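>>> only geometry, no sequence info:
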């Protein structure tokens, strides 16, 4: 199998997860449950890294992507997150136009704080 090239937003997420001391699985070359891009098992957390173009960013993405309406893409993404949340996962959707390292670091901190309160 050919190597999968990681995007800059994905590399930023991976860097933030490593700096936060998280062991994680990535979707590199395979599909993770609920279509997540990253899973942090120890925190029961899933992260999706969405490109503004392909996932129809509400901050100015297209109205159609490869013959699929932006609303269809948004509904699929929303359904994946809702299914993960219903199964007990903490979820984060980060857009490539966001300050990724800050968003991921903040999310990991919140999940850790939340899990410490429920112990």
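Sure, I can see it. Quick caveat, the model's predicted, so the values are computed rather than measured.

>>> ok, which stretches of this protein are helices?
Per DSSP state H, the chain carries helices over the ranges 8-19, 70-86, 100-117.

>>> which residues of this structure score low on pLDDT?
In the predicted model of the chain, residues 1-4, 29, 60-68, 119 satisfy pLDDT under 70.

>>> so what sits opposite the residue nearest to the spatial centre of the chain in the bridge?
Nearest to the geometric centre of the chain sits residue 48, at 1.5 Å (C-alpha atoms, centre = their mean). For residue 48, the beta-bridge partners are residue 93 (DSSP bridges).

>>> hang on, the earlier thing: pick the most deeply packed of the helices of the chain.
Highest mean neighbour count among these (mean count of other C-beta atoms under 10 Å): helix 8-19, with a mean of 17. C-beta: built from backbone N, CA, C; applies to glycine.

>>> got the contact list for that helix?
Residues outside helix 8-19 that contact it (C-beta atoms under 8 Å, 6 or more residues apart in numbering) are 6, 24, 26, 37-38, 40, 47, 49, 51, 94, 96, 100-101, 104-105, 108.
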